[in-house]
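Participant: coords please:
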Amino acid sequence: DDDDDEDVTYIYDSLPPEFFPTIASLREKWTHVPSPTVALASLRDASQSLAQVTATAHSKVTSAARTAKSQVDAASLEILAGAMKKLDDAMRQFEATRQKYFDKFRPRLARASKKEFTLEALNIINYSSEYGTNSYSASNLAGHRRVFPHYGDYSNAMVLRTYGYWWVDAPEAPMPIENQAMKIFRDIAAANSYVTSIDFVEFSISKPLFVKSISVFETFNPGAIVRILALPTLLQDETQGVLFQTYTHWHTIWEGKPQPVAKQEREFKVTFRKRIPFAAFLFRIEFDHRHLDYYTELDAVQVSGRCVDKLERFERKLKMSICNVDESDEAIRRKEIRDSVVRASRISSIGSPFIIMEKKVSSSLLFPQQQRNIHTLVSKKENTEKELNLSTLTLEENSDEPPISMMENSSQIEQQERTIFDLPIEILANILSRLPLTCVVRFACSCLRFQTICSQLHGDVTAFDFQPAWFDLDNEVVESLAKFFPSIYRLSLSWASHHILSFSSVRTLLQSSGNSLQVFRLSACTFINDTTLAIVVSSCPNLVELDLQQCYRISPTGVKLLKPLEQLTRVNLFGVKCTSEALGSVVPHWKKLQHINLGHSLSSEADVTFAMAGLSKCTQLVSLDLWRLRSLGTGELLEVLNRNENIQSLDIGWCRNVNIHAVCTQLPYKCKKLRKLIATASRKIADMDLRLLASCPDLEQLDILGAGDVTKAGMMDLLTGCSNLKLVDVSFAREMTVEIVEELKDAFPKVAIKRSFS
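Facilitator: You can find the predicted model right below:
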C-alpha cells in the first residue's frame, strides 16, 4: 500500500534479504486487483432480467387471483342470494304466523255479541242485613221466581231486617255521624236527586252481560229500591289478557227516590235507552224503606242483555271465577299488590243515559266557623293585593292616567287565557263547599291553593261518614285523609268492598288517626278479616263504638282479638259467626258496654252458656239484641236482665226456648225503662202477658208476631196501659182478624198496628 506510514514497522522488514523478491512479487499481486466493472454490469443485467421476470410473474398471479376471486364472489353471491331468498320466505311465514296468532290472542276491547240472554241471580255475594237464615233470607233472591205473581208475606222471599222509622228512633239506634261537612252533604242529598240507602244486596249472574234491562220482582210492600249499581268484569284477568274493559269501578246505572206505590206485586223493570258500555256480572241493589209501613219482600231478579263476543272459550274459567267471586284473603292480597302497581284510570261518568248528579246548596249551608275561615282567607288575599298595588302600581300625584306598567299589565292580562284560579277566593270556597267530601279531598290533593282553601273550609272536621257515597271511595281518598285530617274521632267506611278499597290504605289512615279514633263503623266491609281486625284493634286502642255487622270473614278467633278494647260501649256483631266460648272470653272485659247486637251471630250454637255468663257481668246494658239465639234459655236471660235495670231495648225474637211468661213477669220490675220488646215467634204469649207488659209505661214498640193466644181484650188492656205505644206487630196471630185489627186502629189511631198475611 503506497499510503503506508513510514514510521510503521512491518514484520517483513526484519526478514532476511533473500525473502525480499518473493515478498515484492506478492505485494505487487496484492495491490494490483483487476477492475470489477465487467462483473457489476453483468450483475446489473441479471438483476434487471430478474425484476422483469418477477413483475411478469406478479402480474400473472394477480390476474389469476382476480379471476379466482371473481369466480368465488359469483359463487358466494349465488349461494347468498339463495340463502336470503329462503330467509325471506321464512320471515314471511313467521310474520304470517305471528300476525295470525296476534289476531287471535291480541287484547281486544270487549264488545257485545248478537246473542241476548235473560239471567237470574246466581249467587248472593253480600248484603247488609236479612230477616232470617233459611226462611226470609237473602239467599232466596237467587234462582227462579217462587212467589211472583202472588202478593203477600211468604217465607221463601228475601226480607230485610228493618223497615220504617221505628228502627231509627229505637233506643239501640246509633247516633248519626254529624259534622259540618256531612251536614252539607246531607242537605245536598235532601235538596237533590241524590238518595240515601239503608240496606243493600249484592248478587252475581252466570256470565257477564252488556245490560239492557234489569227486573226486580217485588211481592210485598214494593217501592224501596233507590239505586242499582254494576261492577265491570275484569275480563283481562279472566281471559289471560285477550279481552279488556276500560271501566273498572262500581257505576250507578239507575237511581231514583223511594216511591209510595200500590200494595200489590210489581215487576220493577229498568230499561236503558243505550246499552251500558261495559259487561258486568256483579250487581248491587240498594234500598231505602223508611217510608214503608212494613217489611219489603223480593222474590227474584233478572238481568237481560248481550253477552261478550268471543268469550265462549273462556266460559269454563269465568264460570269458576263467578262461582268463587267471594275471593280468598290471599287472592285479595295479590290483587291489592297488583292494583298498587298498575292503577286503572277512574271514569266518573258513563254517558248521558246514566245518572248525572247535580249538587246544589245555598250559601246559608256554610257554618259560622266556615264563614269565618273564608273571611280570613279573603282578608289575607285583600291585604296581599293592597301591598302589591302599593309597591308596584303607585299612581303619580295629581295624575288621572295610570302608569305605563299598569296599562302593560292590563293588556297582558287581557291576552292571557282565564282559568279557575282567576276566580276570587270566596267563590272558589263557595264552589268547594257544594261538593261531597270525597271530591273535596281530591281537590285538596291537586294543588297548594286548593289545599289551603279545603283546609280552611273543612280543616276542623273530625268525623266522616262515607257510607252514603261508598262507591266514590278509593285508596287515594282514604290515604289523603291521613294527610289533611290528622285527628279523626268518628269514621264510617261501611259497605266499602275490596273491589274499590284495599286495607293497606285504611292502615295508612289508622297509623295517623288511630289513637284519636273513637267510633269506627265497618258494616259489610269485605276487606275485614281476622288479620285486618287485629290491625284495627292494635291501631285504635281508644275505640268506644265498633260496628262489624255482616263482616262474614271474621272467625271466632278474630272475635277474641277484641279483648283489649276495654273502652267499648257499643258493639255490633250482627251476622258475625262466632262461638259462645269466644264471646264468653271477650265480653267480661267490656265493663262499660251499653249496646250489643248479637243477632244471627250464635244461631248455630247449641249452648250459649258462656256467652250469657259473660253478658251477666255487664251491668250498664241499655240495649240487648239476641235475635234468633235459638238455644237461649230462660234462666240465662233472666240472670242478665236482673243485673241490668237500665235496659230499654230487648230483642229475643225467634228464641223459642225462652219462657215468655217468665220474662214478662220480670220486665215490669227489673226493666222499668223498657221502650222496645221484640218477642217474635213467641207462640205461647197470651193476654195475661200483655197485661203484665201494660205496666211498662215507657213501652213504645212491641213485636209479638205469631202470638197464639192473644185476643182483642188483651190488646185493649195493653193499648190502654201503654200510652206511649207507637208500634205493635200482631202478624200471624190466630185471634187477630182483619176486623179486630181495624177496630183497634180506629180506637187507637196513634198506634201503628201491623198485621201481615200470606
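Participant: How about Leu543, nearest residue that isn't a chain neighbour?
Facilitator: Leaving out its chain neighbours, the residue that sits closest to Leu543 by C-beta to C-beta, 6 or more residues apart in numbering is Leu565, at 5.2 Å. For glycine as for every other residue, the C-beta is placed from the backbone atoms N, C-alpha and C.
Participant: Verify the contact between that neighbour and Val536 for me.
Facilitator: No. Assessed by C-beta atoms under 8 Å, Leu565 is found out of contact with Val536, at 9.3 Å.
Participant: who's more crowded, these two?
Facilitator: Val536 (23 against 19; other C-beta atoms under 10 Å).
Participant: distance of that one from Gly599?
Facilitator: To Gly599, Val536 is 22 Å away according to C-beta to C-beta, to the nearest Å.
Participant: go on, Arg507?
Facilitator: In terms of C-beta to C-beta, Arg507 sits 29 Å off from Gly599.
Participant: So between these two, which is more surrounded?
Facilitator: Gly599 (24 against 17).
Participant: Which residues are in contact with the more buried one?
Facilitator: Arg161, Phe574, Gly575, Asp625, Leu626, Trp627, Arg628, Asp651 (C-beta atoms under 8 Å, 6 or more residues apart in numbering).
Participant: Just the element for Lys745, please.
Facilitator: helix 738-747 (DSSP states H and E).
Participant: need the next SSE after that helix, C-terminal direction.
Facilitator: Criterion used, DSSP H and E; the element after helix 738-747 is strand 752-754.
Participant: so what does the lengthiest strand in the chain touch, helix or strand wise?
Facilitator: In the chain, with assignment by DSSP state E, the single longest strand is strand 199-220. Applying 3 or more C-beta pairs under 8 Å, 6 or more residues apart in numbering; DSSP states H and E, we find strand 199-220 packed against strand 112-120, strand 123-127, strand 225-232, strand 251-255, strand 266-271, strand 279-287, strand 297-308, helix 315-323.
Participant: want to throw these into CSV with distance to Ser487, mean neighbour count and mean pLDDT?
Facilitator: Formatted as CSV, these follow (distance: least, C-beta to C-beta, whole Å; neighbours: other C-beta atoms under 10 Å; pLDDT from 0 to 100):
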stretch, distance to Ser487, mean neighbour count, mean pLDDT
strand 112-120, 48, 14, 88
strand 123-127, 32, 20, 93
strand 225-232, 32, 23, 93
strand 251-255, 32, 20, 91
strand 266-271, 43, 15, 93
strand 279-287, 31, 24, 93
strand 297-308, 42, 23, 92
helix 315-323, 42, 15, 53
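Participant: Redo the ones you listed as TSV? Include distance to Ala694.
Facilitator: Compiled in TSV, the helices and strands packed on strand 199-220 are given as follows (distance: least, C-beta to C-beta, whole Å):
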stretch	distance to Ala694
strand 112-120	48
strand 123-127	37
strand 225-232	39
strand 251-255	46
strand 266-271	39
strand 279-287	35
strand 297-308	32
helix 315-323	53
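Participant: and Ile488, what is it in contact with?
Facilitator: Taking C-beta under 8 Å, 6+ apart as the test, what Ile488 contacts is Thr462, Ala463, Phe464, Leu481, Leu509, Ser513, Ser516, Leu517.
Participant: Against Thr557, how distant is it?
Facilitator: 28 Å.
Participant: Equivalent analysis for Cys722, please.
Facilitator: Taking C-beta to C-beta, one finds Cys722 at 44 Å from Thr557.
Participant: So for those two, which residue has more residues nearby?
Facilitator: Cys722 (21 against 13).
Participant: Backbone torsions only: list them for the nearest residue to that one once chain neighbours are set aside.
Facilitator: Of all residues not flanking Cys722 in the chain, Leu699 sits nearest, at 4.6 Å (C-beta to C-beta, 6+ apart). Dihedral pair for Leu699: phi -60, psi 130, per degrees, to the nearest 10.
Participant: hmm, which of the contacts of Ile488 are the buried ones?
Facilitator: Thr462, Ala463, Phe464, Leu481, Leu509, Ser513, Leu517 (16 or more other C-beta atoms under 10 Å).
Participant: what secondary structure does Gly599 sit in?
Facilitator: Here Gly599 takes the coil state, with states given by DSSP: H, G, I helix; E, B strand; the rest coil.
Participant: Need the contacts of Gly599 in TSV (columns: neighbour count, pLDDT and secondary structure).
Facilitator: Listed next are these as TSV, based on neighbours: other C-beta atoms under 10 Å; pLDDT from 0 to 100; DSSP: H, G, I helix; E, B strand; the rest coil:
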residue	neighbour count	pLDDT	secondary structure
Arg161	20	91	coil
Phe574	21	94	coil
Gly575	25	91	coil
Asp625	22	94	strand
Leu626	27	93	coil
Trp627	22	92	coil
Arg628	22	91	coil
Asp651	24	94	strand
